[in-house]
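Trainee: Model the structure of this input:
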Amino acid sequence: MLDVAVIEEPAAAEASLDPIRSRILAALAEPGSAAMLAARLELPRQKVNYHLKELERHGLVELESERRKGNVTERVFRATAASYVISPIALGAVSPDPARSPDQLSARWLLALGARLVQEVGALLTGAARAQRRVASFGIDAEIRFASAADRAAFADELAATVAALVGRYHDESAAGGRRHRVVVGLHQIPDPKPETETEAGQEN
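Mentor: Residues are numbered from 1 along each chain as shown. I've put the predicted structure just below:
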C-alpha cells in the first residue's frame, strides 16, 4: 500500500468523491471483504459490492486474496493507498495555470502555484511508484506572526532577495547532465478555525 496515491483520471476522481466510496476507502486501510465492510459500515452487502467494483475498476482498491467459504469464494480487498490526492490535471482545461497571470501579491496566483505543485509532484510520485524508486524532494513548513503589515512586506522582500541570490548562485544552465528543479515559496495568512454552526452548537448544549 502506498502512503499517498495521486488521482489523475477524472472518472477516478469522481469515484473517490462519492461519500459511500470514500468511507469504503477509509475502511479498507485494513483489508476486508464485502461482507466485512457491510458490517463495519452498516450498509447492505449488495450496495458495498457495487461500490467495490467501481473502486476496483478505477484502481483505488485492489484484490489482496481470495478464500473459500463453503460454496462461496470470498474476495478480500485493500485500498491501494493510505490517502489520496486529486491532481488538478483531472480538471483538464479548467485547472489553475500560474502562467496566465503571474503576480507575486495575488492569492489566486499562489493558489495556482500550489495546484501546479500538486500536479507536478503527483506525476513524479506516480512515475516513481511504477519504477519502484523514490522521489528526491525537500520541503519547509513554518509559521510566523508579524507585528504589522509593514513587517510582513519587509519579510517578503528579504525572502525574495535571498531566494533570488541562492538561485543565481547555484543555477547552471550549461551543466552537462544537470536536472531542472522548481523552487516554490509561499507566504499566506493561516485561516481562522471555522466557527461552529448553530445546529452543532445547539446539539452540544
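
Trainee: Would you state the strands of this protein in chain order?
Mentor: Here the chain has its strands, by DSSP state E, at 2-7, 32-33, 61-69, 72-79, 81-86.

Trainee: Most tightly packed of those strands?
Mentor: strand 32-33 (a mean of 22; mean count of other Cβ atoms under 10 Å). For the C-beta atoms, the positions are set from N, CA and C on the backbone; glycine is no exception.

Trainee: Against which helices or strands is it packed?
Mentor: Strand 32-33 makes packing contacts with strand 72-79 when contacts are defined by 3 or more Cβ pairs under 8 Å, 6 or more residues apart in numbering; DSSP states H and E.

Trainee: Show me what the strand it packs on is packed against.
Mentor: Looks like strand 72-79 contacts strand 32-33, strand 61-69 (3+ Cβ pairs under 8 Å, 6+ apart).

Trainee: could I get the ones you listed as JSON lines with distance to residue 141?
Mentor: Below are the helices and strands packed on strand 72-79 laid out as JSON lines (distance: least, Cβ to Cβ, whole Å):
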{"stretch": "strand 32-33", "distance to residue 141": "34"}
{"stretch": "strand 61-69", "distance to residue 141": "31"}
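
Trainee: Go through these and name the closest to residue 22.
Mentor: Comparing those by their distance to residue 22 (Cβ to Cβ), the top pick is strand 61-69, with 11.9 Å.

Trainee: circling back: save the strands of the chain as a markdown table, and put in mean pLDDT and distance to residue 194 too.
Mentor: As requested, the strands of the chain are exported to a markdown table (pLDDT from 0 to 100; distance: least, Cβ to Cβ, whole Å):
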| stretch | mean pLDDT | distance to residue 194 |
| --- | --- | --- |
| strand 2-7 | 87 | 25 |
| strand 32-33 | 93 | 33 |
| strand 61-69 | 89 | 31 |
| strand 72-79 | 91 | 28 |
| strand 81-86 | 92 | 21 |
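
Trainee: Would you reformat these as a markdown table and include distance to residue 55?
Mentor: Formatted as a markdown table, the strands of the chain follow (distance: least, Cβ to Cβ, whole Å):
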| stretch | distance to residue 55 |
| --- | --- |
| strand 2-7 | 12 |
| strand 32-33 | 12 |
| strand 61-69 | 4 |
| strand 72-79 | 8 |
| strand 81-86 | 11 |
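
Trainee: Isn't residue 188 up against residue 107?
Mentor: Yes - Residue 188 lies in contact with residue 107 (Cβ atoms under 8 Å); the separation is 6.9 Å.

Trainee: Of all the strands of the chain, which one is nearest residue 172?
Mentor: Closest to residue 172 of those, according to Cβ to Cβ: strand 2-7, at 30.3 Å.

Trainee: Now residue 3: closest residue in space that isn't a chain neighbour?
Mentor: residue 82 (5.5 Å; Cβ to Cβ, 6 or more residues apart in numbering).

Trainee: who touches the one you found in this structure?
Mentor: Residues near residue 82 by Cβ atoms under 8 Å, 6 or more residues apart in numbering: 1, 2, 3, 4, 29.

Trainee: Having no further points to raise, I will conclude here.
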